[in-house]
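[1] Turn this into a structure:
(chains A and B)
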Amino acid sequence: MNFRWRWRIVFSLLFAALVFTVIFCTAIGPVSIGFFTVVKIIINSLPGAKNFMPAENWPITYETIVFNLRLARVILALLVGAALATSGVVLQGLLQNPMGDPYILGISSGAALGATTAILFGLGNYMLGIFTIPAMAFLGGAGTTFVVYNIAKVGNRVSMSTLLLAGIAVGSFLSAVASLTMVISGENLHQVIFWLMGGLSNRGWKHVMILLPYIIIGIIPMILYSRDLNVMLLGEESAQHMGVEVEKLKKIMLGVAALVTASAVSVSGIIGFVGLIIPHIVRLLVGPDHRVLLPASALLGAIFLAVADTLARVVAAPLEIPVGIITALCGGPFFLYLLRKKKNPGF
Amino acid sequence: MSAILKILDIDCAYESVKVLDGINFSIDKGSFTGIIGPNGSGKSTLLRCTTQVLRPEKGTVFLNDFNLSMMKSPEIARLMAVVPQETSITFSFTVKEVIMMGRSPYLNRLQSESKEDYEIVNYAMKLTNTHYLAERPVTAISGGERQRVIIARALAQQPEILLLDEPISHLDINYQLEILNLLLKLNQEKRLTVIPVFHDLNLAAQYCDQLILLKEGKVFAIGTPEEVLTEKNIKDVYGTNVMIKKHFVTGRPNIVCFSTCSQHTSFKGKVHLICGGGAGSSILELIVSQGYKLTAGILNTGDFDWEMAKFLSVKLVEESPFSSISYYNHKRNLELIKNTDVCVMASIPFGQGNLENLKAVEYACDLGKPVILVEEQGINKRDFTGGQARIIYNNLKNKKGVIVVNSSVEVLNVLPGLLSSEQHN
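    Residues are numbered from 1 along each chain as shown, chains lettered A, B, ... in the order given. Now for the predicted structure:
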């Protein structure tokens, strides 16, 4: 029973940290807005709040900055972070492999090829406008997973080790094709490289709106099946003996993990490390039970990416650093520190 | 007794290799039925078909007269639990969390464990004596403890049948017995039907009340351990010569193996061994295993040396049990000695009934045959004739051509030299 209490404390802390992060990250930027001013601006915008709150005197531009520029981006970072962290949890569990991450099945390479094609051939001029790159990246990522899944499928069964190897093989192939496209084309390379390193600049509410439904559709089944994911950790056959319909579970979980990852990648580019290290850090905090691991990872992944993105905005302002660089720069050493501190990281 | 599990005509193949071929049997409620057979005979596949992890190509499994292939996996998991050979758990769940996973076939998604579930888990921990491990990470306990935890997890499923796939093959002997005694207790006290796959035939014979012997995907024999574990069945299925003895405590069949099971064919020479009572059994085995042509005498019917000699198909002179050596048999023994190259005498005790054995060795000496006396114990301790045997024996030791060795193995070191010199003569 004391476990439940520990979970509650962890969740309360994470949730408080999330709220704090949102406000803090919104406050920081070239135009510095006070922490409490941001709180007031947000509360003031809630319907009906004007009746209770005395009118404050902040410049009208502040509201524009908070809502149109920063808040959208912070929330997008939260969504992407949560998406990558939860699919990392699911894939590490399904593959029973601590190296598992959202990109392990070739999603990143497929998405990269899609995005590269869209950028280099200027497809945006012909279709969908600013949504061409996300759409192509999504198609590339999801399509790759589909191909990899079908390669690994023999009869009705999918072997997890074949899946892993097929993912690596298909991923390398597609990366090579993407690189080849870049070499041949030689134009717009700067944009491609920025996309490949992952970033959230110039993204707004429209991107949040595209991403949100996929994240919701994806994360709900993960939570629903979290007990089955626990049982899977005793081995596929044992799970089957305990009443888990293993093949169905694998299909659903791979499907949602691919959906969530591909949609996140489509708006943010390839942000590495979040999906690998956040699940490990959360496991150290709350243990391996997916019922708490999944939501806690979603929260911590969201917080981590929002902070990282804010750093990406401000450290070299006015220049922006791709957020993927920040996540790897901070995440790598921190993860090593954890590994050294606790020799057996619970995996 | 009613059959709880019925297997009807099951066929199963991996790719095109047929692994199970027309398997048929039924198992009574509350029985302890072991499945045995050589590697590759289909034991594990049979288990996997029974649990529907592997859908057989043909045939049906009935559990309580319900067709298993029509049931959903959680339903099956509530009736039947499986303990695998080894469970590798890489995530640091606590022992209690792992055992609680056994409740998952009873819980809906999102439903959290009730008080009743905790009580069932506590009870399973009590039965398996895993309480003291409850909060430990399952990655940090020993193999024997882990197997107990996995059994507790299986019990938390509240099954009617417990299947185990070689549950003890990775464990030390103390843990093997601990696990088997636990299973026996569950079987006897809780009337749980226990169906383990066994590697160790002797342990299978000790614990099971019924055995199913598989050979090449077919049921070769089914019945009590006494009916199934016969020398002939073992020879037919495993291709090995063994000796079946009654276990001296439990009375169950007990298999004794010899290194002679694969016999030498090269002929090296003739050896006559004088033994009896069990003193000569290791020499019998050693000499035969080295390819010598062995004869033996004089053995009382039914004693251990006699059994061993019979098993090794050694030509021998035998005397009825607990009887003194008769003149007729003494003559026959001398006949054998006449035809042998070397005479060996095991470290046997002497009484009035078998003094003729010593005289037979004297006879060999007189014929000029090389003689080896095995002296694992001094003659004083073996003499029960009041000095008579000692005098003859000590006399013998001083004769020409007599070699004294201290152990059975040394006989093998001496024999080749004696035989080659014999041939030169």
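[2] Could you list the residues of the stretch 51-200 of chain A in contact with chain B?
    When proximity is defined as Cβ under 8 Å from any Cβ of the partner chain, the stretch 51-200 of chain A approaches chain B at A:Q96, A:P98. Placement of C-beta: from N, CA and C, glycine included.
[3] where does the stretch 51-200 of chain A dip in pLDDT?
    For the stretch 51-200 of chain A, the stretches with pLDDT under 70 are A:51-56, A:124-130.
[4] Show me where it has its helices.
    Secondary structure of the stretch 51-200 of chain A by DSSP state H, counting those that start in this stretch: the helices cover A:60-64, A:72-95, A:107-120, A:132-152, A:160-185, A:189-197.
[5] looking at it, B:L418 is touching B:K369, isn't it?
    No: counting by Cβ atoms under 8 Å, no contact exists between B:L418 and B:K369, whose distance comes to 9.2 Å.
[6] Share the number of residues neighbouring the residue in the stretch 251-400 of chain B that chain A sits nearest to, please.
    As assessed by Cβ to the nearest Cβ, chain A sits closest to B:R252 within the stretch 251-400 of chain B, at 30.3 Å. For B:R252, the count of nearby residues is 17 (other Cβ atoms under 10 Å in any protein chain shown).
[7] where are the low-confidence patches of the stretch 301-425 of chain B?
    Across the stretch 301-425 of chain B, the ranges flagged by pLDDT under 70 are B:421-425.
[8] For it, what lies in contact range of chain A?
    On the criterion Cβ under 8 Å from any Cβ, chain A has no neighbours in the stretch 301-425 of chain B.
[9] Touching, B:V317 and B:N333? I think so.
    Yes: B:V317 is in contact with B:N333 according to Cβ under 8 Å; the separation is 4.8 Å.
[10] More neighbours: which of the two?
    Neighbour totals were compared for B:V317 and B:N333, and B:N333 leads with 25 against 22 (other Cβ under 10 Å).
[11] Not counting its neighbours along the chain, what's nearest that one?
    Nearest in space to B:N333, with sequence neighbours left out and distances taken as Cβ to Cβ, 6 or more residues apart in numbering or on different chains, is B:G297 at 4.0 Å.
[12] Can you tell me which helices and strands the strand or helix carrying that neighbour packs against?
    Per DSSP states H and E, B:G297 falls inside strand B:293-300. With contacts defined as 3 or more Cβ pairs under 8 Å, 6 or more residues apart in numbering or on different chains; DSSP states H and E, strand B:293-300 has these neighbours: strand B:270-274, helix B:281-289, helix B:304-311, strand B:315-319, helix B:327-338, helix B:355-366.
[13] distance of the residue in the stretch 101-250 of chain B that chain A sits nearest to from A:L13?
    Proximity of the stretch 101-250 of chain B to chain A (Cβ to the nearest Cβ) peaks at B:P105, 3.5 Å away. Going from B:P105 to A:L13 by Cβ to Cβ, to the nearest Å gives 34 Å.
[14] which one of the two has more residues nearby?
    B:P105 (24 against 13).
[15] Show the contacting residues for the more buried one.
    A:M242, A:G243, B:S73, B:P74, B:E75, B:A77, B:R78, B:Q157 (Cβ atoms under 8 Å, 6 or more residues apart in numbering or on different chains).
[16] Dump those to a markdown table, plus distance to B:L286.
    Converted to a markdown table, these look like this (distance: Cβ to Cβ, whole Å):
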| residue | distance to B:L286 |
| --- | --- |
| A:M242 | 52 |
| A:G243 | 56 |
| B:S73 | 56 |
| B:P74 | 59 |
| B:E75 | 59 |
| B:A77 | 54 |
| B:R78 | 57 |
| B:Q157 | 52 |
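[17] Quick one, which of these are buried?
    Neighbour-count burial within the contacts of B:P105 applies to A:M242, A:G243, B:S73, B:P74, B:A77, B:R78, B:Q157; the criterion is 16 or more other Cβ atoms under 10 Å in any protein chain shown.
[18] how much space between the first one and B:K72?
    Think A:M242. 13 Å.
[19] Equivalent analysis for the last one, please.
    The span separating B:Q157 from B:K72 equals 15 Å under the rule Cβ to Cβ.
[20] For B:D21, pull up the helix or strand it's in.
    B:D21 belongs to strand B:17-28, assigned by DSSP H and E.
[21] just to revisit the earlier point, now the common contact residues for B:L418 and B:K369.
    In contact with both B:L418 and B:K369: B:D341, B:V342, using Cβ under 8 Å, 6+ apart.
[22] re the thing from before, joint contacts of B:V317 and B:N333?
    By the contact definition Cβ under 8 Å, 6+ apart, B:V317 and B:N333 are jointly contacted by B:G297, B:I298.
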